[in-house]
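K.L.:
Output the structure for:
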Amino acid sequence: GVVPFVALLLLQRRPVAGRALLVTGSGCPGHGLCRSNVQEQTRRQVALLNATAQDLFSLYLKCQGEPFSSEADRLCNPGGIFFPAFRVNRTSEKKEVMVAMYKLFAFLNASLGNITRDQEELNPTAKDLLDRLHNTTKTTRGLISNLTCLLCKNYNIFQVDVSYGDSSKGKSAFKKKQQGCQVLRKYVQVIAQVARVLLPHLSP
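P.N.:
Next up is the predicted model:
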């Protein structure tokens, strides 16, 4: 599949708006972009992310140690962090749902890169956590690729305005851990909503 151009912008200190070119060139290259089972694959990727999100968050907390293990509700409250709005529902137009999903997963892909980099530095021996972060990132990138295909093929959309979150670069170890747990907690909440909204649109 086509891997879209998504600038990670990990060095930025505040949420940054950008335009992701889903494909290179001035338009969509036609139906050759899509695999024949792209809708089913997209549905399975969302279901997999939803099924594994809570375990990823729980393992992340465990690996950060105290006070995160015992004070997760206070320290990981995602109220103050930027996260793309997902203001669509089951009755929304499919095109609107796909664009909202692309924005969300472009953000999540950048955030996972940020979190993985921090955990490689802070918890280099936490193999299970690092493996899960890498696997989640791999699934997210595959999902972005499939969304690229669906947006191009069905709606001739090849550019989407996206926003990326706060980088943790230069922050203290505690702040890095806290930002990671805030993002992952919000991810658990949002991916469940995405699954509820998207899966009916992609049912066989």
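
K.L.:
Contacts only, for the residue sitting nearest the centre point of the chain.
P.N.:
Among the residues of the chain, the one closest to the centroid is Leu108, at 2.4 Å (C-alpha atoms, centre = their mean). By C-beta atoms under 8 Å, 6 or more residues apart in numbering, the contact list for Leu108 reads Thr140, Tyr187. C-beta: built from backbone N, CA, C; applies to glycine.

K.L.:
Counting neighbours, what do you get for Glu66?
P.N.:
Glu66 has 7 neighbours, counted by other C-beta atoms under 10 Å.

K.L.:
That one in helix, strand or coil?
P.N.:
Assigned state for Glu66: coil (three-state reduction, DSSP: H, G, I helix; E, B strand; the rest coil).

K.L.:
Now do the same contact list for it.
P.N.:
Glu66 neighbours (C-beta under 8 Å, 6+ apart): none.

K.L.:
what residue ranges in this protein score low on pLDDT?
P.N.:
1-33, 203-204 (pLDDT under 70).

K.L.:
at 50 what do you get?
P.N.:
For the chain, the stretches with pLDDT under 50 are 1-17, 19, 24-25, 31.

K.L.:
Tell me which stretches of the chain form strands.
P.N.:
16-21, 159-164 (DSSP state E).

K.L.:
and the last one, which residues are buried?
P.N.:
If you call a residue buried by 16 or more other C-beta atoms under 10 Å, then strand 159-164 has these buried ones: Val160, Val162, Ser163, Tyr164.

K.L.:
Summarise which helices and strands that strand is packed against.
P.N.:
Here strand 159-164 touches strand 16-21, helix 94-122, going by 3 or more C-beta pairs under 8 Å, 6 or more residues apart in numbering; DSSP states H and E.

K.L.:
now Val160, which residues is it bridged with?
P.N.:
Ala20 (DSSP bridges).
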